[in-house]
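> Please work out how this folds:
(one chain, ligands or ions: 1)
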Amino acid sequence: MTHVVGDWGFLNRLNKIIQTKSGHCVMLAIDHGYFGNIPGQLKQFSCLEPLYEYADALMLTRGMLRSCVPTNIDKPIILRVSAGASMLKELSNEEINVTINEALRLNVSALTCSIFVGGEYEKQSLLNLSKLVNWGQEYGIPTLAVTAVGRDMARDARYLGMASRMAAELGATMVKTYYCEDFEQVTGIAPVPVVIAGGQKIPEKDALQMSRNAIDKGAVGVDMGRNIFQSDSPIGMIQAVRAIVHENVTVEEAFEIYKNGPKGLL
Ligand code: R5P
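This is a model prediction of the structure:
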């Protein structure tokens, strides 16, 4: 059973992310650039703005928040506060790079970092998460743990379930992990809300099917990036994902929503 512990400020922040009506959420992941992964669409970051109204929360870094997101935005921010590694080196070698004062100044609704279970810097990443959990308890800020998968790790229910459970045991409020076969074993073993990452761009129908399966198998939502903003209809795609997550539509119904969406972002 999912049980979230927290006081008013903590729960108020969390309720802005996980919608109380459906109990579900659509997060838009646009934090890729922090380790040097800059897909074409992220080069003109401000082009993503039309997508914001369809997301329940934005997951991004402080640099892009400060320089590219309007201050009058009415969306909770999930701030990526880990850094220190690029795609060119060992990705697990991250530390926390944002202070709690800065996060509070930015009025964020949640903090996020990756854990690298089985990775070279596993311990460091687990202690990074613990630091966020401690801050979160003190200042009332939920934590989203991302289970990063190293090159040598299997993306299966055994590994992702273990990593998700570890994140929950360390105190993460929510877990972001990858979808896999037998996903109910992942959500079943992690007693906190679980969202799936989108991963690399796949055909729209497949991404919608993956979202449908994840919800059916106990996820509370998705934290999706490339499968939305790299679609030929990013707005249609986020609307379609939203319909699955919040309105429980079928994949066929969602695919129609995507097909009817406007082409491009502008
Ligand atoms: C992973 O550690 C980061 O949060 C990614 O930048 C993000 O999850 C990517 O989202 P997607 O895989 O849906 O593009």
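
> where does this protein come near the ligand, residue by residue?
29, 31-32, 114, 146, 148, 197-199, 224-227 (C-beta under 6 Å from any ligand atom). (Glycine included, C-beta is placed from N, CA and C.)

> Most neighbours out of those residues, which is it?
Scoring the residues of the chain next to the ligand on neighbours with other C-beta atoms under 10 Å, the highest-scoring entry is residue 146 at 28 neighbours.

> Now do the contacts for it.
Counting by C-beta atoms under 8 Å, 6 or more residues apart in numbering, residue 146 touches 112, 113, 114, 115, 175, 176, 177, 197.

> Pull out the buried positions in stretch 49-65.
Residues 51-52, 54-62, 64-65 are the ones in stretch 49-65 that count as buried (16 or more other C-beta atoms under 10 Å).

> Strands along the stretch 101-250 of the chain, start to end?
Taking DSSP state E, counting those that start in this stretch, the strands of the stretch 101-250 of the chain run over residues 110-115, 143-147, 174-177, 194-197, 221-224.

> export those strands to TSV and tack on mean pLDDT?
Output for the strands of the stretch 101-250 of the chain, formatted as TSV (pLDDT from 0 to 100):
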stretch	mean pLDDT
strand 110-115	98
strand 143-147	98
strand 174-177	98
strand 194-197	98
strand 221-224	98
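
> Out of the ones you listed, flag the one nearest residue 20.
Among these, the nearest to residue 20 by C-beta to C-beta is strand 221-224 (13.2 Å).

> hmm, back to that, go through the buried residues of stretch 49-65 and name the one nearest the ligand.
Within the buried residues of stretch 49-65, the smallest distance to the ligand is 6.4 Å, found for residue 59 (C-beta to the nearest ligand atom).

> Mind telling me which residue of the stretch 51-200 of the chain is nearest the ligand?
Counting by C-beta to the nearest ligand atom, the stretch 51-200 of the chain gets nearest to the ligand through residue 198 (2.7 Å).

> one step back: please identify which two of the buried residues of stretch 49-65 are farthest apart in space.
54 and 62 (22.9 Å).

> low-confidence ranges in the chain?
1-6, 266 (pLDDT under 70).

> what are the ranges of the helices in it?
Using DSSP state H, the helices of the chain run over 8-17, 40-43, 62-68, 100-105, 122-139, 157-169, 183-189, 204-216, 226-229, 234-247, 251-259.

> Skipping its backbone neighbours, what lies nearest residue 126 in space?
residue 115 (5.7 Å; C-beta to C-beta, 6 or more residues apart in numbering).

> In this structure the one you found contacts residue 165, no?
No. Look at residue 115 against residue 165 with C-beta atoms under 8 Å: they stay out of range, at 11.4 Å.

> Settle it for me: which of the two has more neighbours?
When neighbours are counted by other C-beta under 10 Å, residue 115 and residue 165 differ, and residue 115 comes out ahead with 27 against 19.

> quick revisit: just the closest of the contacts of residue 146 to residue 238, please.
Nearest to residue 238 among the contacts of residue 146: residue 197, at 15.1 Å, using C-beta to C-beta.

> Residue 210: how many residues sit nearby?
Using other C-beta under 10 Å, residue 210 has 23 other residues around it.

> now do residue 19
17.

> these two touch, right, it and residue 247?
No. The pair residue 19 and residue 247 does not pass the contact test of C-beta under 8 Å, sitting 11.6 Å apart.

> re earlier: contacts only, for the residue nearest to residue 126.
So residue 115 contacts 122, 125-126, 128-129, 145-148, 163, 166-167, 170 (C-beta under 8 Å, 6+ apart).

> go on, residue 207?
198, 224, 227, 237, 241.

> Could you rerun that using 10 Å?
179, 198-199, 201, 222, 224, 226-228, 231, 237, 240-241, 251, 254, 258 (C-beta atoms under 10 Å, 6 or more residues apart in numbering).

> All good on my end, thank you.
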